[in-house]
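A.B. asks: the sequence and its predicted three-dimensional model are supplied below.
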Amino acid sequence: MITLTAKLQAVRARIARAARQYGRDPGNVVLLAVSKTWSSACVREAAAAGQRAFGESYLQEGLAKMAELAALNLDWHFIGALQANKTRGVAENFDWVHSLDRLHVAERLSAQRPPSRRPLSVCLQVNISGEASKAGVSPADAPALARVVAGLPGLRLRGLMCVPAPSDDFLEQRHSFRRLRELAEQMQADGLPLDTLSMGMSHDLEAAIAEGATLVRVGSAIFGERQKV
Ligand SMILES: *Cc1c(COP(=O)(O)O)cnc(C)c1O
């Protein structure tokens, strides 16, 4: 059996190899371990192997793990669909949100962020493939949303995130990620202080790193295949 620690090391090696191949510093690509559906025991094992940042998609599940593992001082990133009735739990407990795509939700997160904590780091999720069923702000509407978010006191705008339509073709994968990078560059040129491109998952992290990802969100390659619910 391949241990979780070995799989984590293999993912780190993939990141380092891709970074070198595309002329990037491996230290500039953060690994977010997506632990949704996996137990706090699995998170504890990954933490013991040096992993700090964990991604969760479901609020109650994430809060339960945070409570159990509070002593480990991990970084928790919310990456799931974010309805307005979930914002308080996210604002009070998470360090990052990657899935912000609506002004109304942004305003609630900002108002509900406890003043005792540093502002919540947020990425705007962009629907880069234009899929009707997908979450995310359209590329055309992203700059206006970003400008408002950048002015909210409880939030710190960090960058853009995408989940492109799945593809097995490397060049097609790169094409989607390139569009997110170009959108971020355009927004930076317009004065928005973005330092994060959250893109790339288990099957396409190399293409994302080739196009400038600063954070890859990896679940199954570390923890195993999730049960389909
Ligand atoms: C589940 C999930 C991931 C991780 O996907 P894997 O294919 O298991 O690596 C990354 N990002 C988001 C938004 C997710 O929901």
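C.D. replies: The structure has been received and is ready for your questions. Small disclaimer: the values here were computed from a predicted structure and weren't measured. Residues are numbered from 1 along each chain as shown.
A.B. asks: which bits of this structure sit near the ligand?
C.D. replies: 34, 36, 57, 79, 163, 201-202, 217-221 (CB under 6 Å from any ligand atom). For glycine as for every other residue, the C-beta is placed from the backbone atoms N, C-alpha and C.
A.B. asks: with pLDDT and secondary structure as extra columns, can I get the residues you listed in JSON lines?
C.D. replies: Output for these, formatted as JSON lines (pLDDT from 0 to 100; DSSP: H, G, I helix; E, B strand; the rest coil):
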{"residue": "34", "pLDDT": "98", "secondary structure": "strand"}
{"residue": "36", "pLDDT": "97", "secondary structure": "coil"}
{"residue": "57", "pLDDT": "98", "secondary structure": "coil"}
{"residue": "79", "pLDDT": "98", "secondary structure": "coil"}
{"residue": "163", "pLDDT": "97", "secondary structure": "coil"}
{"residue": "201", "pLDDT": "98", "secondary structure": "coil"}
{"residue": "202", "pLDDT": "98", "secondary structure": "coil"}
{"residue": "217", "pLDDT": "98", "secondary structure": "strand"}
{"residue": "218", "pLDDT": "98", "secondary structure": "strand"}
{"residue": "219", "pLDDT": "98", "secondary structure": "coil"}
{"residue": "220", "pLDDT": "97", "secondary structure": "helix"}
{"residue": "221", "pLDDT": "98", "secondary structure": "helix"}
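A.B. asks: just the buried residues from those residues, in ChimeraX please.
C.D. replies: To isolate the buried members of the residues of the chain next to the ligand in ChimeraX, using 16 or more other CB atoms under 10 Å:
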select :34,36,57,79,163,201,202,217,218,219,221
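A.B. asks: in the residues of the chain next to the ligand, find the pair that's most separated.
C.D. replies: Using CB to CB, the residues of the chain next to the ligand reach their maximum pairwise distance at 57 and 221, which is 16.5 Å.
A.B. asks: for the protein, which segments count as strands?
C.D. replies: With strands called from DSSP state E, the chain shows them at 30-34, 53-56, 75-78, 96-100, 120-125, 155-161, 196-198, 215-218.
A.B. asks: include distance to residue 41 when you put those strands into CSV, please.
C.D. replies: Below are these laid out as CSV (distance: least, CB to CB, whole Å):
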stretch, distance to residue 41
strand 30-34, 14
strand 53-56, 13
strand 75-78, 17
strand 96-100, 23
strand 120-125, 27
strand 155-161, 28
strand 196-198, 26
strand 215-218, 19
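A.B. asks: show me what the longest helix along the chain is in contact with.
C.D. replies: Identified as the longest helix of the chain according to DSSP state H is helix 170-189. Contacts of helix 170-189 with the rest of the structure, by CB atoms under 8 Å, 6 or more residues apart in numbering, involve 126, 128-129, 139, 142-143, 146, 159-160, 162, 164-165, 167, 194, 197, 199-200, 204, 206-208, 210-213.
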